[in-house]
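Participant: Predicted model follows, preceded by the sequence.
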Amino acid sequence: MRTVLVVLIGLGVTSMPTPVSYAKDPADQHAGAQDLLEDATGIIMQALSLINGSIPQYQLPEVLDNGDIIIRKVRPKAPPKSAPSPTDGEIDETST
């Protein structure tokens, strides 16, 4: 029983993953980590920008003489239309 236990413990210890350093220079590891951090930060900022853009924006509330309160929604300006590409409006004709 002890032999089986020792063998199992030995196999468990030898099969555990060990940390491996692929970069020989610690400065390379730091630069790689910094690049990953910059990429992740950029992705998070884009996600926050999309979230902020999806939240409706409102003007300050106005109180009318009769007591009604109006809260107007701010309508974003429509993006300018781009010039049509040369393929716009062309129809591909096929024969059967």
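Facilitator: That came through, no problem. Numbers count the residues shown, from 1 in each chain.
Participant: use CA for all of it now, contacts and neighbours both
Facilitator: Will do.
Participant: was I right about residue 58 contacting residue 71?
Facilitator: Yes. Using CA atoms under 8 Å, residue 58 is in contact with residue 71, at 6.7 Å.
Participant: Give me the helix or strand of this protein that scores worst on average pLDDT.
Facilitator: helix 2-14 (a mean of 66; mean pLDDT, DSSP states H and E).
Participant: Give me the next element, helix or strand, following it.
Facilitator: Next helix or strand after helix 2-14 toward the C-terminus (DSSP states H and E): helix 26-54.
Participant: helices or strands next to the very next helix or strand once past that following helix in the packing?
Facilitator: Per DSSP H and E, the first helix or strand lying C-terminal to helix 26-54 is strand 62-63. Contacts defined by 3 or more CA pairs under 8 Å, 6 or more residues apart in numbering; DSSP states H and E place strand 62-63 against strand 69-70.
Participant: Can you list the strands that the strand it packs on pairs with?
Facilitator: Using DSSP bridges, the strands paired with strand 69-70 are strand 62-63 (antiparallel).
Participant: what's the strand it pairs with in contact with?
Facilitator: Strand 62-63 has contacts (CA atoms under 8 Å, 6 or more residues apart in numbering) with 69, 70, 71.
Participant: same thing but at 6 Å, please
Facilitator: Strand 62-63 is contacted by residues 69, 70 when judged by CA atoms under 6 Å, 6 or more residues apart in numbering.
Participant: average pLDDT for that strand?
Facilitator: Averaged across strand 62-63, the pLDDT comes to 94.
Participant: Make 50 the first number, not 1, from now on.
Facilitator: Right, with 50 as the first residue, what we last looked at is strand 111-112.
Participant: Which residues are in contact with residue 122?
Facilitator: By CA under 6 Å, 6+ apart, residue 122 lies in contact with residue 107.
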